[in-house]
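> Here you go, sequence then predicted model.
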4 protein chains.
Amino acid sequence: MDEIDPGDFETRVKRSFSRQAFMGTIGAELTRVQHAMVEIEMPFDQKLTQQHGFLHAGVIAAGLDAACGYAAYTVIEPDASILTIEFKVNLMSPGRGERFLFRGEITKPGSTIIVADGRAYALSDGPAKLIASVSGSMMIIRGRQDVTG
Amino acid sequence: MDEIDPGDFETRVKRSFSRQAFMGTIGAELTRVQHAMVEIEMPFDQKLTQQHGFLHAGVIAAGLDAACGYAAYTVIEPDASILTIEFKVNLMSPGRGERFLFRGEITKPGSTIIVADGRAYALSDGPAKLIASVSGSMMIIRGRQDVTG
Amino acid sequence: MDEIDPGDFETRVKRSFSRQAFMGTIGAELTRVQHAMVEIEMPFDQKLTQQHGFLHAGVIAAGLDAACGYAAYTVIEPDASILTIEFKVNLMSPGRGERFLFRGEITKPGSTIIVADGRAYALSDGPAKLIASVSGSMMIIRGRQDVTG
Amino acid sequence: MDEIDPGDFETRVKRSFSRQAFMGTIGAELTRVQHAMVEIEMPFDQKLTQQHGFLHAGVIAAGLDAACGYAAYTVIEPDASILTIEFKVNLMSPGRGERFLFRGEITKPGSTIIVADGRAYALSDGPAKLIASVSGSMMIIRGRQDVTG
């Protein structure tokens, strides 16, 4: 008895996200899963900072890469998987805030390569502040047991 | 009585690195600090993984960005600081290994913008395996109290 | 008698664009100059192709870099100038079409660094086809005679 | 009677390069073809400049992309082809010189994705001056008639 519909991208994204131990380590949660768009949020945590007390660029990259990767999962076949080829992160403002939001969106859903763009925001009182953007490429992997899901 | 020579880049790099809480969180250590080149190492840790059990791309980005940033610190004036503008990471092999080495090197030590390149390696028995590369730009910050060191 | 208002960004963009000899070489024209957004168009030309007969990636990069750079000119002081630090281009579809459109938009108008994003489209009969995207950083230059305008 | 050995990468690179009309347009020539490394050179030409009279960033990108792409051709099967997925160019010094040299080298010769890095130099009297670097990803294409060679 299988209660999970393998064609349901939201279920697949949630299941895979829950296996990303690092997302738990940084306190990140999936907050929105739509076709071709995923959002992840996390609270500020002093243990994730760089030398000036701001969120470390590597944590920003992690949130952006995960948001883009899971946005890609929503547009591929249920039994395929995603490997990131590369991403570029532009850091625009210090990672200073109470919470952070990472949004990834699919720009080009190719048959082999998927291109995604994303943005990171610091959330506090007042309007969200854009702190970083990402532009990345991912490869769709089919039929490799070691990278499923 | 000041035992620290502020012109000593190795001391400055170590002091700043020790303030990067996230480096402690991922178990990273400075293992080499030379003029225009810095190496950082860390052990594999399951809490830093993505969904396939490999080192998360965000942790790879963190190690590479830190190695490049501290390589930049070795070529600037003692009272200046560094902000990363952007970096691109190419992921070449899964982050699978017992330890990881991140090396950052200065490609262009400009008066305002510094360009650095770096590589990440997985270390196990046998030869080091290249898993990722980075190419990034940093800005030299002078005279801003909030981003010193 | 000075008929040109130096505060008029459209005039400054047009004047600078007309001095980019390479834009003439590839047949490119400014078709839209707005605050924080510039469009450039050019016809297909066999002399600008790569080995498969498509528009060369370098020409796509040229159009995107110019569109982003001039979008940056619209948000800076009249006597400042722009130097590109870096750009990343993602190539999504072959450069096949009758005409090409390059749009650059300012994502972050900083006081020293400007971040811009852009897209390239192939135009033929039917809807415009997204062929490439760019994400780049530029530096605002003030008070250097050799890079004015 | 076939005088061309299809397994000879130098021949294949030269043949493909000669079909890149844009390389002719900018006066570029292949000057070195080795396993995993290719060099391209070109003279300065006023018609390839940006508004300050320096070599246009798009021409620099073209030379770097071509050098990396042909370096990739030297490591793939004779009947495969290469498509650039993305490249990032860091511009480090103005494109000012009598001639320019673009060198592309293979960093990771994967079975599907090839990662290459390259550098551009301005040549005049005196030592070569590093003006730009590139880091890019290419995909190996097999069995598609429209992108052969």
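Sure, I can see it.
> Just want the angle from the longest helix along chain A to helix B:57-73.
Secondary structure of chain A per DSSP state H: the longest helix is helix A:57-73. Here helix A:57-73 runs at an angle of 150 degrees relative to helix B:57-73 (axes from the mean of the first three to the mean of the last three Cα atoms, to 10 degrees).
> can you give me the mean pLDDT across stretch A:41-50?
Confidence over stretch A:41-50 (mean pLDDT, whole number) is 98.
> Centre of the chain to that stretch, how far?
Relative to its chain's centre, stretch A:41-50 lies at 16 Å (Cα atoms, centre = their mean, to the nearest Å).
> Over to stretch A:113-126?
Chain-centre distance of stretch A:113-126: 9 Å, with Cα atoms, centre = their mean.
> follow-up on the earlier one: is any residue of the helix or strand following the longest helix of chain A near chain B?
Toward the C-terminus, helix A:57-73 is succeeded by strand A:81-91 as the next helix or strand (DSSP states H and E). Yes. Legend: contact between strand A:81-91 and chain B by Cβ under 8 Å from any Cβ of the partner chain is shown at A:83-91. In this view, the C-beta of every residue, glycine as well, is placed from N, C-alpha and C.
> circling back to that earlier point, same question for the longest helix of chain A, mean pLDDT?
Averaged over helix A:57-73, pLDDT sits at 98.
> Identify the residues contacting the most centrally placed residue in chain A.
Closest to where the C-alpha atoms of chain A average out (Cα atoms, centre = their mean) is A:Ala67, at 1.7 Å. Counting by Cβ atoms under 8 Å, 6 or more residues apart in numbering or on different chains, A:Ala67 touches A:38-40, A:102-104, A:118.
> Can you redo those residues as a markdown table, where the extra columns are distance to chain B?
Output for the contacts of A:Ala67, formatted as a markdown table (distance: Cβ to the nearest Cβ, whole Å):
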| residue | distance to chain B |
| --- | --- |
| A:Val38 | 14 |
| A:Glu39 | 16 |
| A:Ile40 | 11 |
| A:Phe102 | 10 |
| A:Arg103 | 16 |
| A:Gly104 | 13 |
| A:Gly118 | 13 |
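> now, which of those lie within strands?
Counted as lying in strands by DSSP state E, out of the contacts of A:Ala67, are A:38-40, A:102-104, A:118.
> quick check, nearest of those to chain C?
Among the ones in strands among the contacts of A:Ala67, A:Gly118 lies closest to chain C (Cβ to the nearest Cβ), at 10.8 Å.
> contacts with chain D among the residues of strand A:81-91 next to chain B, please.
Counting by Cβ under 8 Å from any Cβ, A:85-86, A:88 from those sit close to chain D.
> related to what we said a few turns ago, between strand A:81-91 and the longest helix of chain A, find me the angle.
Interaxial angle of helix A:57-73 relative to strand A:81-91 (the same axes, to 10 degrees): 140 degrees.
> Now do the buried residues in helix A:57-73.
A:57-73 (16 or more other Cβ atoms under 10 Å in any protein chain shown).
> cool, and stretch A:17-36?
Quick answer for stretch A:17-36 (16+ other Cβ under 10 Å): A:17, A:20-23, A:25-28, A:30, A:33, A:36.
> What is the most widely separated pair among these?
A:Thr25 and A:Ala36 (27.1 Å; Cβ to Cβ).
> near chain C, which residues of chain A show up?
Contact residues, chain A versus chain C (Cβ under 8 Å from any Cβ): A:88, A:90, A:92-93, A:107-108, A:110, A:115, A:117, A:130, A:133, A:135, A:137.
> Which among the residues you listed count as buried?
Of the members of the residues of chain A next to chain C, the ones counted as buried by neighbours, 16+ other Cβ under 10 Å, are A:88, A:90, A:92-93, A:107-108, A:110, A:115, A:117, A:133, A:135, A:137.
> Pipe these into a markdown table and attach pLDDT per row.
As requested, these are exported to a markdown table (pLDDT from 0 to 100):
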| residue | pLDDT |
| --- | --- |
| A:Lys88 | 98 |
| A:Asn90 | 98 |
| A:Met92 | 98 |
| A:Ser93 | 97 |
| A:Thr107 | 98 |
| A:Lys108 | 98 |
| A:Gly110 | 94 |
| A:Val115 | 98 |
| A:Asp117 | 98 |
| A:Ser133 | 98 |
| A:Ser135 | 98 |
| A:Ser137 | 98 |
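> for chain A, which strand is longest?
Max-length strand for chain A by DSSP E is strand A:129-141.
> partners of that strand in the sheet?
Strand A:129-141 has the following strand partners under DSSP bridges: strand A:81-91 (antiparallel), strand A:113-123 (antiparallel).
> re earlier: starting at the chain centroid, how far to the longest helix of chain A?
How far helix A:57-73 lies from its chain's middle: 3 Å, per Cα atoms, centre = their mean.
> Can I get that helix in CSV, CA atoms only?
C-alpha atoms of helix A:57-73 as CSV (Å, rounded to 0.1, in the frame of the first residue of the first chain):
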residue,chain,number,x,y,z
ALA,A,57,27.9,33.6,1.9
GLY,A,58,28.1,29.8,1.9
VAL,A,59,24.8,29.6,3.7
ILE,A,60,23.3,32.0,1.2
ALA,A,61,24.7,29.8,-1.6
ALA,A,62,23.2,26.7,0.1
GLY,A,63,19.8,28.2,0.4
LEU,A,64,19.8,29.5,-3.2
ASP,A,65,21.2,26.3,-4.7
ALA,A,66,18.6,24.2,-2.8
ALA,A,67,15.7,26.5,-3.9
CYS,A,68,16.8,26.3,-7.5
GLY,A,69,17.4,22.6,-7.3
TYR,A,70,14.0,21.9,-5.9
ALA,A,71,12.4,24.2,-8.4
ALA,A,72,14.0,22.0,-11.0
TYR,A,73,12.6,18.9,-9.4
